[in-house]
Every structure is written in C-alpha cells, then in structure tokens.
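Asks: A structural model of the following input is requested.
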Amino acid sequence: MTKMMIGAAQIGGIQKAETREEVVARMIALMDEAAAKGVKFLAYPEMTLTTFFPRFYVEDRAEFDHWFEKEMPNAAVQPLFDKAKEYGMGFTFGYCELTPEGQHFNTSIIVSPEGEIMLKYRKTHLPGHAEFEEERSHQHLEKRYFLPGDTGFNVVRSQGVIMGMSICNDRRWPESWRVMGLQGVQLVSIGYNTPSQNNLSADEGLAKRLYHHELSVCAGAYQNSTYAMAVAKCGTEDGNHMIGGSIIVDPDGFVIAKAEGEGDELLVAEADFDKCAFGKSTVFNFAAHRRTEHYGRIVSQTGVEEPSE
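Replies: Numbering: from 1, shown residues only. Next up, the predicted model:
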C-alpha cells in the first residue's frame, strides 16, 4: 500500500474518577469519526486508559497497581478491538502494563485491522525521579512506578507499512528515531502525556515546551525520512495541566495536521509512503553515508565526560 489515510486521536484529560469503560467509549467515538473519514490506521496517546498517575506519590508502589493492565486485550478494552476489526482499521495506543512476573512498564502496541497485536513497545527513556522531592511544586515520578523498557525500538510491517513506536520522552532522543530509521521505518507513532510544568526551572513555560515537542518530532521524521504521528493526552487532568499540540508530520519534517484544542480531537492526513524513499535514498542514505567507526561513544558512554584541559 502506497497511500493511506492516517489519524491521530488526541484525548482530553482523564480524571481519576473515570472508568476504563468511560475512556474506551471516548476512544470509540473518535474511531467512529475516523472511519467516516476513511482512516485506516489510528493512533491514540500514551497511558490512554487512565489519568497520568505518576504526578502522585505513594509510599507503597503496589497501591497504584490498579492503574495497570494485567492482560491485553481485556474486557474493558475489547469493545475497541471489536470496533476496529469491524472497520478494518489498524490502531495503536498506550497503557500501563503489569506483567505476570510483577514488572511495571509504560507500554504501547500496534494492532492490525484483524485485531492481532503485531508489536509491543515499552518506554525506554523514563523522565522524572523516583522519590518525593519537596522542593518541587509538581512531582514527576515515572521512575518510581515504571521500569525502563526492555523491548528496544523494533518495527513491524503491518498494512503494507513499516511501523514503529516511541512513547513521550523517547521523542526527544535521536537514538530512538535512528534505530527505527535503520530498519526502514515509514510511520512512527508517539503517544505522550507532557505536563506543562514539572521542572524546577521557572523559565520553561508552556510555549517552550510546545516548541521543543514539535521540534523533536519534525527533526526525527526528517532525519529518518518517515511519517510521524505525535498524539497527546492533554488539557486539565486532576487539576494539573498537560500540553496539547498533537501533530502529524511528513518525511520532509513538515507538519501536515495539527490539533486546534486540548480536548478529544481527531487529526487526519493522507500519507503517501512513496515519499519516504527520497530522503532514504539521498541525504539519509545510511548505507552510503553513515560512518559507524566514529560513533562508538554513543553506545559506550552515558554521562558527559569533559576533556581534562
């Protein structure tokens, strides 16, 4: 398939009192709208089924296990799988995963139009901190409630397109994009829940956060010649604000669809995946131009090592 209508299903804030079933009903309403517009692959945000609970601290992490899914699909989300199968629509969404071994991950999946889970990804670059920090006005405790992902950045060919996933903070790291780019990725889906405030720096406001978000996605798409959909859960949630700014980006790094508000909203664009070939065969022809003999520091070193003089 060369051309496909793709959609980004932005979700407004989900309050702690909302049930999985209520959220899935909102997701299905957006899927209905997408089907009416001819969408064949639909992307939902990170942690689509629940509020962004890492803003809250509990001493015993197990108290928050009710935010996690022990199986996928489960009874609450099966209607979404059924509706997508009825429409012949592939989709991706993020949720919190509790494995049979008791491990907690921030996870997303790609589902085929037949309802088969084609690929699972677990968030790699966890931001924030693990312990309560009194000096912060806003807590960001992802490191307390999740393990770093163990899947790596894989891709899958689904619906005739090479697809991959990132989650939230991953979009800011060029390594995430390049690993998928080296597998010929043509469509990257990125769900995010990005607070408008959670750092100690007072000068990082909403405008700067939105700019950095868009910059990261556009650069990643361009530098790897791929379409990208970055989809927010956003607006006011439990009295806290998260940025919107959901976008669909083409392989040249241009925004071709953008959310207008911070509520439930569908973005749609036609993707012509033949357009990925130009960058992949010219400026970003990796086989012709990459010089891996000089990149060893990228995988051998984590923190900064300054020169001695």
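
Asks: strands along the stretch 201-309 of the chain, start to end?
Replies: Listed in chain order, the strands of the stretch 201-309 of the chain (DSSP state E, counting those that start in this stretch) span 227-237, 240-242, 247-249, 255-258, 265-272.

Asks: which of these sits closest to Pro148?
Replies: strand 227-237 (21.0 Å; Cβ to Cβ). Every C-beta, even on glycine, is put in place using the N, C-alpha and C of the backbone.

Asks: could you check how far the spatially closest residue to Thr2 that is not a sequence neighbour is from Trp67?
Replies: In space, and not counting its chain neighbours, Thr2 is closest to Asp274: 5.1 Å by Cβ to Cβ, 6 or more residues apart in numbering. Distance of Asp274 to Trp67, given as Cβ to Cβ, to the nearest Å: 41 Å.

Asks: neighbour-wise, which of the two wins?
Replies: In this view Asp274 and Trp67 are compared by other Cβ atoms under 10 Å, and Trp67 has more residues nearby, 20 against 11.

Asks: which one, of the strands of the stretch 201-309 of the chain, ends up nearest to Pro54?
Replies: strand 240-242 (10.9 Å).

Asks: name the helices or strands packed onto the closest one?
Replies: strand 227-237 (3 or more Cβ pairs under 8 Å, 6 or more residues apart in numbering; DSSP states H and E).

Asks: off-centre distance for the strand it packs on?
Replies: 8 Å (Cα atoms, centre = their mean, to the nearest Å).

Asks: return the list of strands paired to that strand, each annotated with direction.
Replies: strand 3-12 (parallel), strand 187-192 (parallel), strand 240-242 (antiparallel), strand 247-249 (antiparallel) (DSSP bridges).

Asks: flag the shaky bits of the protein, pLDDT-wise.
Replies: Scanning the chain with the threshold set as pLDDT under 70 gives 1, 198-203.

Asks: pull the distance from the lengthiest helix in it to the chain's centre.
Replies: For the chain, the longest helix by residue count, based on DSSP state H, is helix 206-224. On the basis of Cα atoms, centre = their mean, helix 206-224 sits 13 Å off its chain's mean C-alpha point.

Asks: and if you look at stretch 61-80?
Replies: Relative to where its chain is centred, stretch 61-80 has its mean C-alpha point 18 Å off (Cα atoms, centre = their mean).

Asks: ok, stretch 262-270 next?
Replies: The chain centroid and the centroid of stretch 262-270 are separated by 15 Å under Cα atoms, centre = their mean.

Asks: send me it as PDB with only the CA atoms.
Replies: Extracted in PDB, the C-alpha atoms of stretch 262-270 (Å, rounded to 0.1, in the frame of the first residue of the first chain):
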ATOM      1  CA  GLU A 262      -6.900  20.400  24.200                       C
ATOM      2  CA  GLY A 263      -9.800  18.100  24.200                       C
ATOM      3  CA  ASP A 264     -10.900  14.900  22.300                       C
ATOM      4  CA  GLU A 265     -10.000  15.700  18.700                       C
ATOM      5  CA  LEU A 266      -9.200  13.800  15.500                       C
ATOM      6  CA  LEU A 267      -6.400  14.800  13.100                       C
ATOM      7  CA  VAL A 268      -6.400  13.200   9.700                       C
ATOM      8  CA  ALA A 269      -3.900  13.300   6.800                       C
ATOM      9  CA  GLU A 270      -3.200  11.200   3.700                       C
END
